[in-house]
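Enquirer: quick one, fold the following:
(one chain, ligands or ions: 1)
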Amino acid sequence: MLRRKYYDLFSKFYDKFVKLHSGDNQERLRKFFIKTAELTGDCNVLDICCGTGSTTYYISEKLDGTGGIVVGADFSFGMVKKAVKKCNSNNFVITDVNALPFKDKVFQRVTCTFGFYELKGDKVDEALNEIKRVLVKDGKFLMMEHEIPDNFFIKMLFYLRMLSMGFKKAVNILKREDEIFKRHFKIVEKVVSPSKNSKIWICS
Ligand SMILES: C[S@@+](CC[C@H](N)C(=O)[O-])C[C@H]1O[C@@H](n2cnc3c(N)ncnc32)[C@H](O)[C@@H]1O
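Expert: Numbers count the residues shown, from 1 in each chain. Here you go, the predicted structure:
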């Protein structure tokens with residue numbers, strides 16, 4: 001599949017690109033996301049579209065010594081290879097998010113940072129059905145994405161990324177994001193990051 005191949009290639013310079021795009025803000029943002037996820041006690045977390053494992057890394061750091069574990073899932077072998085190295089862990093699976101290889105009700109949290117916009121058409125609902133299936137009853141799905149940036153250069157990069165997924169889909173997502181989540185979850189809340197550049201959707 002083309003998108004998977006694209007990410008296999010992109011994996012070689014993805015972290016460098018993100019650093020250029022977000023600089024130090026990236027670490028602050030991911031830590032803010034982890035704090036919002038309220039990972040306490042024996043929390044088992046599934047980080048979908050985990051990419052090179054940047055968020056997975058902070059989750060594993062937070063869970064260290066608590067008895068909880070984090071598993072990363074992504075369909076790109078190249079991205080997962082980087083994640084395994086970054087997190088010094090083999091808790092990763094190469095899989096499409098619309099067919100998660102896990103039993104029902106095993107995770108307290110499912111997380112997704114900067115990956116949800118990748119899902120096209122029916123895949124969005126299929127992925128949300130899978131997320132609900134693997135979550136425990138009072139579990140939460142947390143998804144972080146960029147708000148439309150103010151900075152001209154970053155705004156152009158943001159629009160380029162959205163356009164790479166198809167114009168119609170990009171407009172639909174930007175306009176109807178909360179509707180999509182409300183179709184699947186009873187409670188849907190939005191939290192904006194302190195920098196105001198990113199948003200987190202908390203679905204339970
Ligand atoms: C922009 S990257 C985000 C990576 C990471 N979560 C982060 O915060 O840096 C999007 C990731 O989603 C993955 N992805 C896209 N569609 C997917 C799908 N249908 N199933 C699994 N992974 C997918 C890509 O391989 C890529 O690693």
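Enquirer: any residue of stretch 19-29 up close to the ligand?
Expert: No. If you take Cβ under 6 Å from any ligand atom as the test, stretch 19-29 misses the ligand, and the best it gets is 8.4 Å. (Glycine included, C-beta is placed from N, CA and C.)
Enquirer: from the chain's centre, how far out does the host helix or strand of residue 140 sit?
Expert: Under the criterion of DSSP states H and E, residue 140 resides in strand 135-146. The chain centre lies 10 Å from the centre of strand 135-146; the measure is Cα atoms, centre = their mean, to the nearest Å.
Enquirer: ok, now stretch 176-194?
Expert: 14 Å.
Enquirer: list the buried residues in it.
Expert: Going by neighbour count (16 or more other Cβ atoms under 10 Å), the buried part of stretch 176-194 is 177, 180, 181, 184, 185, 188, 193.
Enquirer: out of the residues you listed, list just those in helices.
Expert: Within these, membership in helices is found for 177, 180, 181, as judged by DSSP state H.
Enquirer: which residues touch the first one?
Expert: Right, the one you point to is residue 177. 145, 201 (Cβ atoms under 8 Å, 6 or more residues apart in numbering).
Enquirer: please report how far it lies from residue 105.
Expert: Distance, residue 177 to residue 105, using Cβ to Cβ, to the nearest Å: 26 Å.
Enquirer: for the buried residues of stretch 176-194, which one is nearest the ligand?
Expert: residue 193 (13.4 Å; Cβ to the nearest ligand atom).
Enquirer: pLDDT and distance to residue 55 added to the buried residues of stretch 176-194, as TSV?
Expert: Listed next are those as TSV, based on pLDDT from 0 to 100; distance: Cβ to Cβ, whole Å:
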residue	pLDDT	distance to residue 55
177	80	19
180	90	21
181	94	19
184	96	21
185	97	20
188	97	20
193	90	14
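Enquirer: nearest spatial neighbour of whichever residue of the chain sits closest to the ligand, chain-adjacent residues omitted?
Expert: Of all residues in the chain, residue 51 sits closest to the ligand, at 2.4 Å by Cβ to the nearest ligand atom. With Cβ to Cβ, 6 or more residues apart in numbering as the measure, residue 79 is the residue that lies nearest to residue 51, at 4.8 Å, once sequence neighbours are left out.
Enquirer: am I right that residue 84 is in contact with residue 94?
Expert: No. The pair residue 84 / residue 94 is not scored as a contact, 10.5 Å apart, by Cβ atoms under 8 Å.
Enquirer: wait, is residue 39 part of a strand?
Expert: No. Counting by DSSP: H, G, I helix; E, B strand; the rest coil, residue 39 is not part of a strand but coil.
Enquirer: quick one, strands of the chain?
Expert: 45-48, 70-74, 92-94, 107-113, 135-146, 188-192, 198-203 (DSSP state E).
Enquirer: give the buried residues for the fourth one.
Expert: In this case it means strand 107-113. 107, 108, 109, 110, 111, 112, 113.
Enquirer: what does this structure put close to the ligand?
Expert: Going by Cβ under 6 Å from any ligand atom, the residues of the chain near the ligand are 7, 49-51, 54-55, 74-76, 79, 96-97, 113-115, 118-119.
Enquirer: you'd agree residue 48 is up against residue 114?
Expert: No. In this structure residue 48 lies outside contact range of residue 114 using Cβ under 8 Å: 11.4 Å.
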